[in-house]
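Student: Turn this into a model:
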Amino acid sequence: MKTRISAKIQHLLCLALALPIMYPTDSLATTDIPVATISKQIKELVAAQEVQLQQIRKQAAADPEQYLPALITAINQLGNIYHYENHNLQAHAAYAEALQLCEKAEADKPGKYLAQLYMLLNNQALLFETEKNWTQAILFNEKAATVSRLQAAKASETYLPQLTTVLYYLANLYRDQRLITEAKAAYVEVIAHCRELIKKDAASYEPFLAFSNFYLGLIHYGEENYAAAKPLLEVSLPLYRAAIARDPSLKKELAIVLGNLGHIAMLEQNYAQARLLLDEAYRVYPKVKVSNPGFLYSYATTLTDLGELNQMENRETQAQIFYDEAIFIYRQLPARHLEIVRPLFAAALTELGNSYAQARLTDKARVVFEEAVEQWRKLATAQPDPYTLNLARMQVQLGLIYVHQNKSLQAQTAFEEASKLYAAARPEKIQDVLSDHILALSQLLRLSVAEKRDDDAYKLSDRLKPLLLQQSQTHPKPK
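Tutor: As a prediction, this is how the structure comes out:
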């Protein structure tokens, strides 16, 4: 029994981008720095910078054309000192003053202050990132990207690398904050720029190309848009294979790419290709010492695919090993992450139980099926559609094991619940579950006859007749 699990990614609204250009007439006045506890060393650095600032402020007030750029740079350097020493409140104040001056100057003379404006916006974005203020970090990175686009439009060779870098980090922020539409667009732009930059500097931009294809591929993969994910992951695969010699930490990404491409090959029924990719993924995964839940989930998915592939090849012992490993990993996940992947966990338990049952290892099959029932029940309780029918099928499987082990009371309970669930199925699903429903009732009838419960047997026979008639009308016997 294979279970389809739909990945749903909620798209959030894009942040608005605005560049203010009007400022108060006293914009050259000193900004009051908020009071905070500052070390003696920092006080000395700030004092030295302030001495220089006071002189430049006077010069800029007298001759803005010549000294305003130096003033903006000096105030930015003051912000950098505070930022480096984790005095964020003071850093914000300094950056805000410098940014106010710079935006007004750029509005007065378009193009002249773009480099400083980009620097200040980037510094503000970095400061917000250290504070994990992701909304503001995204906003200032968006502003920095807007400025960088203006620069690149005038001097592509000089500024395209800068634009590519800020877009890449912006794409990652979008992705982390689940702004999926914006992340997709940013990664597409980064990939296009990387293809240009890589012609002159492959060493610097192949990593950007690999990661951008990788992350964009993962987004499409998570949306089950495998046709879009596959070419992106295929581009990243040789890049990661080549890169791990220089950076072994990239084995994590390599393993995920191999596993995901292997899964896509399974869906395409290209089992020979799936075998190559999944076997390579399985060789790489254990070498990565990472406990990240997302990575563990990917590893478990690859193990489940290998279990299914080995089952198809009638290698039940190997299939059991892989399913068992997958289940072990699912159990390591924190509760909140397990809740997300519970359908996959339940499906892996089901497949392991099926494998044990086919190998006539009924004790093992029973234990695993009982746990699978527990997991499907949790899913069906929280979300009846589509998991109720999975619970019913699992109860039938478990009931058959109980029958084999002469546990008639447990078998009756399992079959009865399955029958009730099937009877309550939506009209469009009744035909799909008809055979399973008949099987559950037939087993209940068999138990009733064996235990000489005649009244129950007659009632079950009456429940079976319309289902058998429906089945005969749907699938008439050949003449």
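Student: And the strands in the stretch 251-400 of the chain, which stretches?
Tutor: Ranges of strands within the stretch 251-400 of the chain: none, based on DSSP state E, counting those that start in this stretch.
Student: Show me where it has its helices.
Tutor: 251-267, 271-284, 293-312, 316-332, 335-358, 362-382, 384-404 (DSSP state H, counting those that start in this stretch).
Student: Tell me the helices and strands packed up against the first one.
Tutor: Counting contacts by 3 or more Cβ pairs under 8 Å, 6 or more residues apart in numbering; DSSP states H and E, the secondary-structure elements packed against helix 251-267 are helix 202-222, helix 226-243, helix 271-284, helix 293-312. C-beta here means a position set from N, CA and C on the backbone, and glycine is covered the same way.
Student: ok and that helix relative to helix 271-284, angle-wise?
Tutor: Angle, helix 251-267 to helix 271-284, by axes from the mean of the first three to the mean of the last three Cα atoms, to 10 degrees: 160 degrees.
Student: what about helix 251-267, distance to the chain center?
Tutor: Centre-to-centre, helix 251-267 and its host chain are 14 Å apart (Cα atoms, centre = their mean, to the nearest Å).
Student: mean confidence score for that helix?
Tutor: For helix 251-267, mean pLDDT is 95.
Student: got the contact list for that helix?
Tutor: Helix 251-267 is contacted by residues 210-211, 214, 217-218, 221, 226, 229-230, 233-234, 236-237, 240-241, 244, 271, 273-274, 277-278, 280-281, 284-285, 287-288, 290, 295, 298-299, 301-302, 305, 308-309 when judged by Cβ atoms under 8 Å, 6 or more residues apart in numbering.
Student: try 7 Å
Tutor: 214, 221, 226, 229-230, 233-234, 236-237, 240-241, 244, 273-274, 277-278, 280-281, 284-285, 287-288, 290, 295, 298, 301-302, 305, 309 (Cβ atoms under 7 Å, 6 or more residues apart in numbering).
Student: Mind checking which of these are buried?
Tutor: 214, 221, 226, 229-230, 233, 236-237, 240-241, 244, 274, 277-278, 280-281, 284-285, 288, 295, 298, 301-302, 305, 309 (16 or more other Cβ atoms under 10 Å).
Student: Ala152 reaches Thr164, doesn't it?
Tutor: No: between Ala152 and Thr164 there is no contact under Cβ atoms under 7 Å: 9.0 Å.
Student: Which one's more surrounded, those two?
Tutor: Shown here are Ala152 and Thr164; by other Cβ atoms under 10 Å, Thr164 has more neighbours (24 against 19).
Student: Now do the contacts for the nearest residue to the more buried one once chain neighbours are set aside.
Tutor: Closest residue to Thr164 apart from its sequence neighbours, by Cβ to Cβ, 6 or more residues apart in numbering: His193 at 4.2 Å. Going by Cβ under 7 Å, 6+ apart, His193 touches 160, 163-164.
Student: Hey, what's the angle from the helix or strand harbouring His193 to helix 202-222? Just curious.
Tutor: For His193, the host element (DSSP states H and E) is helix 180-197. Relative orientation of helix 180-197 versus helix 202-222 (the same axes, to 10 degrees): 150 degrees.
Student: on that earlier part again, I'd like the helices and strands packed on helix 251-267 laid out as JSON lines, including distance to Ala125 and mean pLDDT.
Tutor: Converted to JSON lines, the helices and strands packed on helix 251-267 look like this (distance: least, Cβ to Cβ, whole Å; pLDDT from 0 to 100):
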{"stretch": "helix 202-222", "distance to Ala125": "18", "mean pLDDT": "93"}
{"stretch": "helix 226-243", "distance to Ala125": "26", "mean pLDDT": "95"}
{"stretch": "helix 271-284", "distance to Ala125": "35", "mean pLDDT": "96"}
{"stretch": "helix 293-312", "distance to Ala125": "25", "mean pLDDT": "91"}
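Student: re the thing from before, deepest of the helices of the stretch 251-400 of the chain, which one?
Tutor: Among those, helix 251-267 has the highest mean neighbour count (mean count of other Cβ atoms under 10 Å), at a mean of 24.
Student: follow-up on the earlier one: and the residue nearest to Thr164, what pLDDT?
Tutor: Residue-level pLDDT assigned to His193 equals 96.
Student: Could you tell me how far it is located from Asp436?
Tutor: As judged by Cβ to Cβ, to the nearest Å, His193 and Asp436 stand 54 Å apart.
Student: now swap in Glu428 and tell me
Tutor: For Glu428, the distance to Asp436 - Cβ to Cβ - is 16 Å.
Student: Those two: who's more crowded?
Tutor: The residue with more neighbours, out of Glu428 and Asp436, is Asp436; 20 against 7, by other Cβ under 10 Å.
Student: Need the phi and psi values for the more buried one.
Tutor: Dihedral pair for Asp436: phi -70, psi -40, per degrees, to the nearest 10.
Student: check contacts around it.
Tutor: Contacts of Asp436 (Cβ under 7 Å, 6+ apart): 392-393, 396, 422.
Student: and what of Ala137?
Tutor: If a contact means Cβ under 7 Å, 6+ apart, then Ala137 has 125, 128-129, 173 as its contacts.
Student: can you tell me which of those residues are in strands?
Tutor: Judged by DSSP state E, strands contain none of these.
Student: if you look at those residues, which of them are in helices?
Tutor: 125, 128-129, 173 (DSSP state H).
Student: re earlier: can I get the contacts of His193 in TSV with secondary structure and distance to Pro248?
Tutor: Output for those, formatted as TSV (DSSP: H, G, I helix; E, B strand; the rest coil; distance: Cβ to Cβ, whole Å):
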residue	secondary structure	distance to Pro248
Leu160	helix	30
Leu163	helix	30
Thr164	helix	26
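Student: and which of the residues you listed is nearest Gln136?
Tutor: Using Cβ to Cβ, Leu163 comes nearest to Gln136 of the contacts of His193, at 20.9 Å.
Student: Number of residues surrounding that closest one?
Tutor: 24.
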